[in-house]
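*Asks:* The amino acid sequence is not available; the structure is as follows:
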């Protein structure tokens, strides 16, 4: 009976080790073929460039909005309008935007949302208002917590979109991590999304895999209109991924690329924000209990089980009688090999996502947090509401339920004139 138990766990460990070996090889191949945009990627651009409208939604972003807007104003793109939508902010965001607008020489326009439209999620409603006020041939969506590290970001993005003849281009961010907990959690979360939405499959017209990152999405206005714009995703938590799916379903061209030196984002400043934010991202990305169960099971079997068995086999080896140590040694060696392949794979991955490779030693801990986030997201599918940025939305009616931070006493349906431009 004991022998059968060891044989079973050795077989499980060998299978997991094989999966990590395959992942290591796939990652190596992907690393050689990956497309990375840099400030020097397109030294020469076409003489006639399309107009671009840059759209930023900001709700209570007093810590981020100035750097975001300042680095956008510094862009060298010749035909760029910048529109920031202040979405019911109750902190210093409106005052900061008014100051920036007054000193921008007409390059910046601020739109103020005072009330949330009925039947809309906040960010989607804000972006809709921004698009309605925009004039560009291309639309570029970004987040208020993004900071451009090059003044050529928009130029490089447009150059890539035109050269590749794509309809929607998403450039993934470099994650800015300032604390230990960020370096433990953020790469593990990113690893899950990259594994599930592999860029090679996203960029292939032969697959239905679709992904986009709302931190930077550049799209033709004709593409935006063809898929129904934000109206089509007005009640989606992860509107970026859903828009990407609609682009592919419409037979339009979708492309996702990485960046090195174009822009960075610090997604969450506290562990609590990261817990809520990533749970929401996973919830919006996978959407159903069944789809969430698959990545949760993958993390459990590929990472948490071998890590646990490595510790257990080590304890078995230390505490076993001398005459039975052979079986324990075999289990210990199998799971040592599994953990070694896991760590080797993550060592390579952390280098790709520009996190110090030494932090790959903490990946198992990060994976445990990711598993808990996925479980939390699964629980959200059983609830009747979802909350984000102080607003609670009912899942059954898909309309705003209440807003604790809005300046208006009511959250009734917003008329078309609910967004006002401060020109």
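*Replies:* Arrived safely. Bear in mind that the values here come from a model prediction, so they are computed numbers and not experimental data.
*Asks:* Going by C-alpha atoms from here, please, whenever you check contacts or count neighbours.
*Replies:* Fine.
*Asks:* gap between the strand or helix carrying residue 290 and the chain center?
*Replies:* Residue 290 belongs to helix 289-299 when assigned by DSSP states H and E. Relative to the chain's own centre, helix 289-299 is displaced by 18 Å; criterion: C-alpha atoms, centre = their mean, to the nearest Å.
*Asks:* cool, stretch 42-50 as well?
*Replies:* 29 Å.
*Asks:* Straight-line length of that stretch, end to end?
*Replies:* 16 Å (C-alpha to C-alpha, to the nearest Å).
*Asks:* List the buried residues in that stretch.
*Replies:* 42, 50 (16 or more other C-alpha atoms under 10 Å).
*Asks:* try stretch 295-302
*Replies:* Neighbour-count burial for stretch 295-302, counted by 16+ other C-alpha under 10 Å, picks out 295-296, 299-300, 302.
*Asks:* ok, now stretch 159-179?
*Replies:* Buried positions in stretch 159-179, judged by neighbour count with 16+ other C-alpha under 10 Å: 159-161, 166-177.
*Asks:* quick check, distance from that stretch to the centre of its chain.
*Replies:* For stretch 159-179, the distance to the chain centre is 12 Å (C-alpha atoms, centre = their mean).
*Asks:* cool, and stretch 61-75?
*Replies:* On C-alpha atoms, centre = their mean, the centre of stretch 61-75 falls 20 Å from the chain's centre.
*Asks:* What of stretch 215-233?
*Replies:* Here the centre of stretch 215-233 is set off from its chain's centre by 18 Å, with C-alpha atoms, centre = their mean.
*Asks:* Would you mind checking the average pLDDT for it?
*Replies:* The average of the pLDDT scores along stretch 215-233 is 97.
*Asks:* just stretch 188-196 next, same as before
*Replies:* On average, stretch 188-196 scores 94.
*Asks:* ok, now stretch 376-389?
*Replies:* Taken as a whole, stretch 376-389 carries a mean pLDDT of 76.
*Asks:* cool, and stretch 273-290?
*Replies:* Here the average pLDDT along stretch 273-290 is 92.
*Asks:* Contacts for it, please.
*Replies:* Contact partners of stretch 273-290, identified using C-alpha atoms under 8 Å, 6 or more residues apart in numbering, comprise 189, 236-238, 241, 267-268, 292, 373-374, 376-378, 380-381.
*Asks:* All the helices of the stretch 101-250 of the chain, residue numbers only.
*Replies:* With DSSP state H, counting those that start in this stretch as the criterion, the stretch 101-250 of the chain has helices at 122-133, 153-164, 180-196, 199-202, 221-226, 229-232, 239-249.
*Asks:* Any chance of those in CSV with distance to residue 71 as columns?
*Replies:* Shown next, in CSV, are the helices of the stretch 101-250 of the chain (distance: least, C-alpha to C-alpha, whole Å):
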stretch, distance to residue 71
helix 122-133, 19
helix 153-164, 10
helix 180-196, 24
helix 199-202, 27
helix 221-226, 24
helix 229-232, 26
helix 239-249, 23
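*Asks:* Residue 32 is nearest to which of these?
*Replies:* When these are compared by C-alpha to C-alpha, helix 199-202 sits nearest residue 32, at 11.9 Å.
*Asks:* Give the other helices and strands that that closest one contacts.
*Replies:* strand 254-259 (3 or more C-alpha pairs under 8 Å, 6 or more residues apart in numbering; DSSP states H and E).
*Asks:* what packs against the strand it packs on?
*Replies:* Packed against strand 254-259 by the contact rule (3+ C-alpha pairs under 8 Å, 6+ apart) you find strand 36-37, strand 168-171, helix 199-202, helix 239-249.
*Asks:* and those, which is most packed in?
*Replies:* Ranked by mean neighbour count, these are led by strand 168-171 with a mean of 26 (mean count of other C-alpha atoms under 10 Å).
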